[in-house]
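Q: Fold the following and give me the result.
(chains A and B)
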Amino acid sequence: MQDFFIRYPRVWRAFDILLPFLATLAALGVGAVLLMVFDANPIVAYGALLDGAFGSTNAVADTLVKATPLLLVALGICIAFRGGVINIGGEGQLVLGAVTATLVGLALPDMSGYLLIPIALIVGFLAGGFWGAIPGLLKAYFNVNEILSTIMMNAIAVQGMNYLLRGPMIDPVQLDAASRIPQTARLSAAFDLPRLVPTRLHLGTALAVIAAFLVFIFLWRTVVGYRIRAVGLNASASRYAGINVPRNIVLAIALSGAFCGLAGAIQVYGLHHRMFTDGSATGFTGSAGFNGIVVALFGQLHPLGAIPASFLFGALIVGANKLQRVMQVPSSFIIALNGLVVVFVVSADYWRRRIARRREAEVVSEEIATSEAEVPT
Amino acid sequence: MDSSPLVLTLASIILASTPLIIAVCGEILTERSGIVNLSLDGTMLMSAMTGFVVAFETDNVWLGFLGAMGVGAFFAFIVAFGSIRLRQSQFAIGFVLTLLGDDLSAFLGQNYTRIPGPVVQHYAIPILKDIPIIGPIFFNQNVIVYFAYILVFVTWFWLFRTQPGLRLRSAGDRPEAGFARGVGINFQRYLYTIIGGGLVGVAGASYSLNIKIGWAEGLTRGFGWIALAIVIFGGWSPIRGMFGALLFGATKALATYLQRTFPEVSVVAFNAIPWVLMILVLLLVGSDFTERVITVAPKSLRRPLQRFLKISPPQALGSTFVED
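A: Purely as a prediction, here's the structure:
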């Protein structure tokens, strides 16, 4: 098999692009075995999954809506990982962006939507960036491990959110009704992000795709982006080249947090139109802060690769709901399936690199052979 | 006196800290060999679930612990295999396993949630338990608690006072030098990652079989991350790690106590205390603050202080080693 690919590079190149999707199919195959263990017909189950994700205009729109926060978080993760920092604080940054953006909307109910929505999104962006900058500063100047500090910042953000939503920000209606569901009042309808087609699909999805292109340009076509990538590739070499390493570390993780914050703000203004909590972060975020990391890895840490990756994961999550309803299997099955997909994609990537290495070695040895043949003349 | 609230609180702190102590010892063994097993949170959930299910089905607590140990070792093996053989990022694998463990445990354990099951029997050590104050705090517990304290000592002794321990540390600190001396670096890493994972499994099961008895979705969520933070706080030393775990248990108990005393202050403030404290601790440990403390200390105290406060991770932590 390997030799075949080495001999036919063109087939290989096509295969190379398809590899993540083939790996996904393989993971679904393993998932089918799991389904059979639970006495469910895998063909019917996957049919339901596809139908739930793509079966109608509404289904496709829901998939795109689900993919939007995943894409934005993945963009942030791309920046952080390219800068050599691991940002696991997406959940907390998302929550902070959502809470602050909601506060803006609640505080200025009479403002024009054209003015308020951009302000709110920018506030969410900045708030997420602020929450990301704290672990960034701790890492760059005090050598605090960012994986642990971001996890703790998540926990603190969740506690803060619970406090605000149960106390100062709670919907007055809930306060009177004595049911006290921890959620804010619905934001003024003037602040809803415009719908694109008559479905739940909103402008945020388009914004996310535009952001993906902007992040690509930022990382590969600007000096600042170049510096971030240089620090990520080799911090000590960057220092010798005169790049301010700590500052770029802080910048990378702050930008990363900012995109997560933007994701939170867009979730509020595009989808929920209010902020709510079930006591943990997952209730509001749907684990987008974590799943975005998986999406970014799936897209090979490239902003443009994150677009199809987020779409695929959005489809898996939306399809899962349908699959769960039809087959009566728990939705956590699908999240386990996501894990399988990642494991397969990562190992396929390993295999790909090994073939690439061997091809390189053969090309080099051929060149040596030809150059040796030329020596006698 | 022996049943005064203070003594009971201290005893409960000791009990609540045991799983963390066991997990910290396991992770220290792993990280000292040069591998970061980031999957702790997911591994603990999976092993807590497995431990309870096995113990419930066989009606034998110890088989539950054995099963949990196997699950922990298996997760650790994936991390070791992925980073050594497949040369993937340890952090990525560990993180994905964290998510996978969380969801898989919820999925596989769904039929076993919130039902009573077997628990570790209380066992007071005969004579020692009658020592005033100390007895009821330390010796009126159960076998898992005693195991944790023996484990701390054994881990410390193994790491710093034996030859295999030296080989283990060479794999994490100077793999090239160790390899030149004939140490199979990657064998050491496989071995101690798997042993460490097994101990994390025991820690997970001691939640579901000893402390938070029973299984529920997300039973131990968060504790794995705390254990990882304590490993750093403890400077990769089992004894300091133990104090870190006890300190964390104490802050939690203090938060609960304060909450009862000041009901008008929001619960949230107290829930956030342990996390804020952890960040501050990481900050103190990471910055050169400790160095400055040492320089102002009186001369005679400097050396012991330096030995106590100095923290440096195993130098080859998280890097891959190619044997050739």
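Q: Now A:P246. Nearest residue, chain neighbours left out?
A: A:A140 (3.5 Å; Cβ to Cβ, 6 or more residues apart in numbering or on different chains). For the C-beta atoms, the positions are set from N, CA and C on the backbone; glycine is no exception.
Q: what about that neighbour, which helix or strand?
A: helix A:113-142 (DSSP states H and E).
Q: where are the low-confidence patches of the stretch 201-350 of chain A?
A: Applying pLDDT under 70 to the stretch 201-350 of chain A flags residues A:330-332, A:334-335, A:339, A:346, A:349-350.
Q: Those residues of the stretch 51-200 of chain A touching chain B, which are they?
A: A:86, A:88, A:138, A:141-145, A:147-149, A:151-153, A:155-156, A:159-160, A:162-163, A:167 (Cβ under 8 Å from any Cβ of the partner chain).
Q: do the longest helix along chain B and chain A meet?
A: Counting residues, the longest helix found in chain B (DSSP state H) is helix B:5-32. No: using Cβ under 8 Å from any Cβ, helix B:5-32 never reaches chain A; the gap is at least 11.7 Å.
Q: Now do that helix: which elements does it pack against?
A: In terms of contacts (3 or more Cβ pairs under 8 Å, 6 or more residues apart in numbering or on different chains; DSSP states H and E), helix B:5-32 is packed against helix B:40-58, helix B:143-161, helix B:163-173, helix B:185-206, helix B:223-233, helix B:238-261.
Q: residue contacts, the spatially closest residue to A:L71 that is not a sequence neighbour?
A: Distances taken as Cβ to Cβ, 6+ apart put A:S310 closest to A:L71, at 3.8 Å, once the chain neighbours are dropped. Counting by Cβ atoms under 8 Å, 6 or more residues apart in numbering or on different chains, A:S310 makes contact with A:A67, A:T68, A:L70, A:L71, A:A74, A:G292, A:V295, A:G299.
Q: Tell me which residues of the helix or strand containing A:S310 come out buried.
A: Under the criterion of DSSP H and E, A:S310 resides in helix A:306-327. For helix A:306-327, the neighbour count (16 or more other Cβ atoms under 10 Å in any protein chain shown) marks A:306-324, A:326-327 as buried.
Q: Among the contacts of A:S310, name the buried ones.
A: By 16+ other Cβ under 10 Å, these give A:A67, A:T68, A:L70, A:L71, A:A74, A:G292, A:V295, A:G299 as buried.
Q: could those residues be laid out in JSON lines, adding distance to B:R85 and secondary structure?
A: JSON lines is the format used below for the buried ones among the contacts of A:S310 (distance: Cβ to Cβ, whole Å; DSSP: H, G, I helix; E, B strand; the rest coil):
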{"residue": "A:A67", "distance to B:R85": "34", "secondary structure": "helix"}
{"residue": "A:T68", "distance to B:R85": "37", "secondary structure": "helix"}
{"residue": "A:L70", "distance to B:R85": "30", "secondary structure": "helix"}
{"residue": "A:L71", "distance to B:R85": "33", "secondary structure": "helix"}
{"residue": "A:A74", "distance to B:R85": "28", "secondary structure": "helix"}
{"residue": "A:G292", "distance to B:R85": "28", "secondary structure": "helix"}
{"residue": "A:V295", "distance to B:R85": "26", "secondary structure": "helix"}
{"residue": "A:G299", "distance to B:R85": "25", "secondary structure": "coil"}
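Q: Assign a three-state SS to the nearest residue to B:F56 once chain neighbours are set aside, would you?
A: Spatial nearest neighbour of B:F56, excluding adjacent residues (Cβ to Cβ, 6+ apart): B:G117 at 4.2 Å. Going by DSSP: H, G, I helix; E, B strand; the rest coil, the secondary structure assigned to B:G117 is coil.
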